[in-house]
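Participant: Here is the input, now give the coordinates:
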Amino acid sequence: MAADGAKGDRELGQYLSSECVTCHQISGRYDGIPPIVGWPEDSFVEILSEYREKKRENQVMRSIAVKFSDDEIAALAAYFGSLKPRTD
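Facilitator: Reported below is the predicted structural model:
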């Protein structure tokens, strides 16, 4: 299970990230939608899992999170956690 500290597959996370970066800026900038670049993996997994389990309110995030398995969430966490926000 992703929440037990297992590291996700960054390459798979990058492949799956296209839907995320439709709204979340890959640069890490905040433009009304919270940035997810550079997030700690454990926090990313916890938050996305809470959307999937309907513990957090946001219809868009719930509809996206429900599509991902634990391994896919861990992969996304590994990918976004490995990125650094741009400073330019």
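Participant: Show the residue spans covered by the helices in the protein.
Facilitator: 10-16, 41-52, 59-65, 70-82 (DSSP state H).
Participant: which one of these has the most crowded surroundings?
Facilitator: Sort the helices of the chain by mean neighbour count, taking mean count of other C-beta atoms under 10 Å, and helix 70-82 sits at the top with a mean of 22. Glycine gets a C-beta too; all of them are placed from N, C-alpha and C.
Participant: tell me which strands and helices that helix is in contact with?
Facilitator: helix 10-16, helix 41-52 (3 or more C-beta pairs under 8 Å, 6 or more residues apart in numbering; DSSP states H and E).
Participant: would you turn these into JSON lines with distance to Gly28 and mean pLDDT?
Facilitator: JSON lines is the format used below for those (distance: least, C-beta to C-beta, whole Å; pLDDT from 0 to 100):
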{"stretch": "helix 10-16", "distance to Gly28": "15", "mean pLDDT": "97"}
{"stretch": "helix 41-52", "distance to Gly28": "14", "mean pLDDT": "97"}
